[in-house]
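> structure, please.
(chains A and B)
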Amino acid sequence: MSETENPFRYTAALAGEIELRWQRYWAENGTFHAPNPVGELADPTHPRAGAPKLHVQDMFPYPSGAGLHVGHPLGYIGTDSYTRYQRMAGFNVLHPMGFDAFGLPAEQYAVQTGTHPAVTTAANVERYRQQLRRLGLAYDERRSFSTTDPEYYRWTQWIFLQVFNSWFDPEAGKARPIDELIAEYESGARGPEWASMSPAQRRKVIDDHRLAYVSEAPVNWCPGLGTVLANEEVTPDGRSERGNFPVFQRSLKQWMMRITAYGDRLVDDLDSLDWPEPVKLMQRNWIGRSRGAHVDFPIGDEHIRVFTTRPDTLFGATYMVLAPEHELVARIVPGAWPAGTHEKWTGGAATPAEAVAAYRAAAAAKTEEERTADGKVKTGVFTGAYAVNPVNGAEVPVFVADYVLAGYGTGAIMAVPAHDERDFAFATVFELPVIRTVEAPEGFEGAWVGDGRAINSGFLNGLAKDEAKAAMIAWLEEHGKGAGATTYRLRDWLFSRQRYWGEPFPIVYDETGLPVALPESMLPVELPDVDDFSPRTFDPDDADSEPETPLSRKKDWVQVELDLGDGPKTYTRETNTMPQWAGSCWYELRYLDPHNDKALVDPANEAYWMGPRSERDPGGVDLYVGGVEHAVLHLLYARFWHKVLFDLGHVSSFEPFRKLFNQGYIQAYAFRDARGVIVPAEEVVERDGKWYYGDQQVTREYGKMGKSLKNVVTPDEMCEQYGADTFRVYEMAMGPLDVSRPWETRAVVGSQRFLQRVWRLVVDEETGAVRPMDGELDPKTRKVLHRVIAGVREDMDELRFNTAIAKLIELTNTLTPLPSVSREAIEPLVLMLSPFAPHLAEELWSRLGHEGTLAYADFPKADPAQLVADSITYPVQVNGKVRGRVEVAPDTPEADVRAQALAAVAEALAGREPKKVIVVKGRLVSVVV
RNA sequence: GUCCCCGUAGACCAAUCGGCAGAGUCGAUGGACUCAAAAUCCAUUCAGUGUGGGUUCGAAUCCCACCGGGGACACCA
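Just a heads-up that it's a prediction; the model follows:
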């Protein structure tokens, strides 16, 4: 075996020994502790105390029972490499890691295994910690926590109380303490009714203003999961994102958070963030802000209020549509069809009432999916009623149609077929008139939605689109027929879940049935131990089932005697729990001051790590790395909470994450045999471009790594076979961090060979001795060294780890064949390698005679003098083809380069006179004849 | 259907402002070492940039159309 020949070769076994040793060293010496400005974690003696800060974070994991596969740590290794580099470059680096351990999956896993979620969660977290430690990730372990720690969720509950105890002041555009609202009512500033109200009535009025409130409203009930879900957790086809169960609309009493109040700021502040455009776009789409107007169309003694983004086209409104669920529908239907009703409008029914009833029943029976199915022909039915267009008094027929959604705007529209494609399609089916009110290009057919001058529009005629909108809104407001308005697609956040494994609400109910906030002194409200933590499960299709909270079964916990200031009384506890998102809504703040029991974070620590750098700067985490799947859910909720905390003065940053980076995924091949059964990918071999499992041919597919696809590769295996450093280098070298790519175990050896070559530069494989380092570095190699240093720094700053590693390999390959080794090149190489292969680098650094860790050594700097080339070779093109080359000194004047170039291609020119000669400095010369 | 991103050697990926298509890795092939093999080392191989146009002295890079892959949105008035 090789061990006997080269006993000191850098093998997986040796790597493992080195890695465990340095991991122990780092832990024992607290190498990666980052000092805070104030408090328990302050340390003025720390080498980076008072240095410029850098706060880098990964989206923390949910610790699943399956443990990590090689795809999971990709982002973690990326941020680890980046922060190790920046620490050496002089920054005080905060790079923490925690665990998102509450929530449905933890509970489901516990139910499956029959163990208490607290037990399985703790075990899973421990397993994750060990796996991450084995990879040498440089976290400040003092700042690690799980969202399930009572000391952590105490502050999650505290934030809930902040939200509960505040209201959104539309004048100020921000949240204010609820006491200030109560004071306004008590002063009479909000009308005289207050004085005559009972205490319970007053509480109801106040409760209706809170940012966290209880409401009875249609919500997403998912019997398969036994809980209600937020809109964000329901897929467009009406199923649960987790588990893919059917979701039904049920009117239920639930906790909501008034995220809609922040709709404008959540949209506007996206502009201040350094985030990938697709994520910003998804948030904008989700919030769905549209500006336009509300317009009232009189109908009998009532009116239909519509929302439109095109008030400028009001003169072209030739009919109206109500959503089938619209409450006005039943009231406006007359007893008989008006004389002369178009036969296509009646749906074949004898009376409007029958027609409408049949249509509503049909609409109700359809799923969301069927209603919005692609390419669907517009359907609808005439209500028999006419409303009046408020601008011109024209009578317009009112239809019911399911292309108008009850949940958006007012659930009613004015239809302008000339300038809206949906209305046009409907008008075509029902043969409704089309009146053009915006000038369209010559010969245009269909619905013109572009710009143009207003026509057929009375006082708007001649105005451009935007002018016409403004003019119409002004007219509507002046005549009391409508008003400018903004609507949002965003709905308030449904915040309660009927599950066990979540944060309990710090809320009790008194005899009025109204919620009472517990005082801060009673936090945390600990999740009680129960015998039966599993949710009440239902037939996934049973829409009529009723949610039941596991905590409600624990009667002795639910009934509680408390003294909340007016003597001991019996209260009933809230038995819902918070959604999984609660814990991850603010964890970036807790890392800053993890053990503070006076505040969720000391303001000085928050200002240092996350505060704005300038007036317009949003503040927040300097780099936040995670998958794009959280584009809406987590990132929207976290922004919302952060803004509430900002408004109430608890944080100085108004956004939690200044820069966001979406890492790609490591994917894998999976193989199926002839029966379509997945076979273990590990045992499949390739022959002549085909794949075989044993001797049977199998087909290959590409996708996720997962147990069911039998293609999981774990970091543990990689550490065993190659060592953690090789694994880290491979993951970083295989491509840019934001690109998804296939895992290929057999290619990992390339990274191992690289590290072996570096090792060999320093250590004699036969004797284990450090090689002599007295070699002189020749000038040419020195230039390579400095070019690599400059390039690596640039790449590291831009998170281009793959090209940085390529440059390190290039340097290594330059040094390997040299007859003697030089410290001048070896030491910078070791330092530059350390962000990727920290254990190996530490080991070599110490063998090179240095004391302690290199984590705070200066990252090499290039000498600018060494970056200047001795000479430049210009390729000379004639009519686009390279016909010659000239080598000149770097400072050769352009005219000389030109002359030499022309001389070099004289033969190719064959006496022809150049029409044009282009000299691109430092690049090439192009001659045109 | 609309919008966005991406197509470069057999595979993964480089290529700064439009300037010689190749930094790096795997694989394959050959060689060194070995009794032999593994490991290691050395060397070689391979694309003209998805397709077709256009702009330009010059295009992987810019523009247009199409093909293929991925993503977002999809009756939001």
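> residue A:321: what secondary structure?
Recorded secondary structure, residue A:321: strand (DSSP: H, G, I helix; E, B strand; the rest coil).
> which residues sit in contact with it?
A:380, A:398, A:399, A:400, A:401, A:403, A:404, A:412, A:413, A:415, A:426 (CB atoms under 8 Å, 6 or more residues apart in numbering). (Each C-beta comes from the backbone N, C-alpha and C, glycine too.)
> how about those in a markdown table, adding distance to RNA strand B?
Output for the contacts of residue A:321, formatted as a markdown table (distance: CB to the nearest atom of the strand, whole Å):
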| residue | distance to RNA strand B |
| --- | --- |
| A:380 | 10 |
| A:398 | 14 |
| A:399 | 12 |
| A:400 | 12 |
| A:401 | 8 |
| A:403 | 3 |
| A:404 | 4 |
| A:412 | 7 |
| A:413 | 5 |
| A:415 | 8 |
| A:426 | 8 |
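> of these, just the buried ones, ChimeraX syntax please.
Buried members of the contacts of residue A:321, defined by 16 or more other CB atoms under 10 Å, are picked up in ChimeraX with:
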select /A:380,398,399,400,401,403,404,412,413,415,426
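> TSV for the contacts of residue A:321, including pLDDT and secondary structure?
Below are these laid out as TSV (pLDDT from 0 to 100; DSSP: H, G, I helix; E, B strand; the rest coil):
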residue	pLDDT	secondary structure
A:380	92	coil
A:398	96	strand
A:399	95	strand
A:400	94	strand
A:401	92	coil
A:403	90	coil
A:404	91	coil
A:412	94	strand
A:413	94	strand
A:415	95	strand
A:426	92	helix
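> so chain A: which segments form each domain?
Chain A resolves into domains spanning A:1-30+A:723-868, A:31-150+A:583-662, A:158-273+A:492-581, A:290-486, A:869-928 when parsed by automatic domain parsing.
> for stretch A:806-821, which residues meet the burial criterion?
A:806, A:807, A:808, A:809, A:811, A:812, A:814, A:815, A:821.
> oh, that last question was meant for stretch A:266-286, not what I typed.
Under the neighbour-count criterion of 16+ other CB under 10 Å, stretch A:266-286 has A:266, A:267, A:270, A:272, A:273, A:275, A:276, A:279, A:280, A:282, A:283, A:286 buried.
> pLDDT at the third one, what is it?
Same thing as residue A:270. Looking at residue A:270, its pLDDT is 93.
> can you list contacts of stretch A:8-24?
By CB under 8 Å, 6+ apart, stretch A:8-24 touches A:2-3, A:133-134, A:136, A:719-726, A:752, A:755-756, A:759-760, A:763-768, A:838-840, A:842-843.
> hmm, back to that, out of the buried residues of stretch A:266-286, which touch RNA strand B?
The subset of these within reach of RNA strand B, by CB under 7 Å from any atom of the strand, is A:282, A:286.
> the residue of chain A found nearest RNA strand B: which element?
Residue nearest to RNA strand B within chain A: residue A:750 (2.3 Å; CB to the nearest atom of the strand). Using DSSP states H and E, residue A:750 sits in helix A:748-762.
> who are the packing partners of that helix?
helix A:724-733, helix A:801-815, helix A:823-833, helix A:838-847 (3 or more CB pairs under 8 Å, 6 or more residues apart in numbering; DSSP states H and E).
> list the buried residues for it?
Buried-residue list, helix A:748-762, by 16+ other CB under 10 Å: A:748, A:751, A:752, A:754, A:755, A:756, A:758, A:759, A:760, A:761, A:762.
> pipe those residues into JSON lines and attach pLDDT per row.
Converted to JSON lines, these look like this (pLDDT from 0 to 100):
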{"residue": "A:748", "pLDDT": "94"}
{"residue": "A:751", "pLDDT": "95"}
{"residue": "A:752", "pLDDT": "95"}
{"residue": "A:754", "pLDDT": "95"}
{"residue": "A:755", "pLDDT": "96"}
{"residue": "A:756", "pLDDT": "94"}
{"residue": "A:758", "pLDDT": "95"}
{"residue": "A:759", "pLDDT": "94"}
{"residue": "A:760", "pLDDT": "92"}
{"residue": "A:761", "pLDDT": "93"}
{"residue": "A:762", "pLDDT": "93"}
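> and which of these is nearest residue A:204?
Residue A:204 lies nearest to residue A:748 out of those, by CB to CB, at 64.3 Å.
> among the buried residues of stretch A:266-286, which are located in helices?
Judged by DSSP state H, the buried residues of stretch A:266-286 include A:266, A:267, A:279, A:280, A:282, A:283, A:286 as members of helices.
> picking up where we left off before, pick the most deeply packed of the domains of chain A.
A comparison of the domains of chain A by mean neighbour count, using mean count of other CB atoms under 10 Å, puts domain A:31-150+A:583-662 on top with a mean of 20.
> any idea how far it is from the chain center?
Relative to the centre of its chain, domain A:31-150+A:583-662 is centred 15 Å away, using CA atoms, centre = their mean, to the nearest Å.
> list, one by one, the residues from the stretch 751-900 of chain A near RNA strand B.
Contact residues, the stretch 751-900 of chain A versus RNA strand B (CB under 7 Å from any atom of the strand): A:751-754, A:756-757, A:800, A:802-803, A:805-807, A:809-810, A:813, A:816-817, A:873, A:875, A:877, A:879-880, A:882, A:885.
> and with 6 Å instead?
For the stretch 751-900 of chain A, the contact set with RNA strand B under CB under 6 Å from any atom of the strand comprises A:753-754, A:756-757, A:802-803, A:806-807, A:809-810, A:813, A:816-817, A:873, A:875, A:877, A:879-880, A:882.
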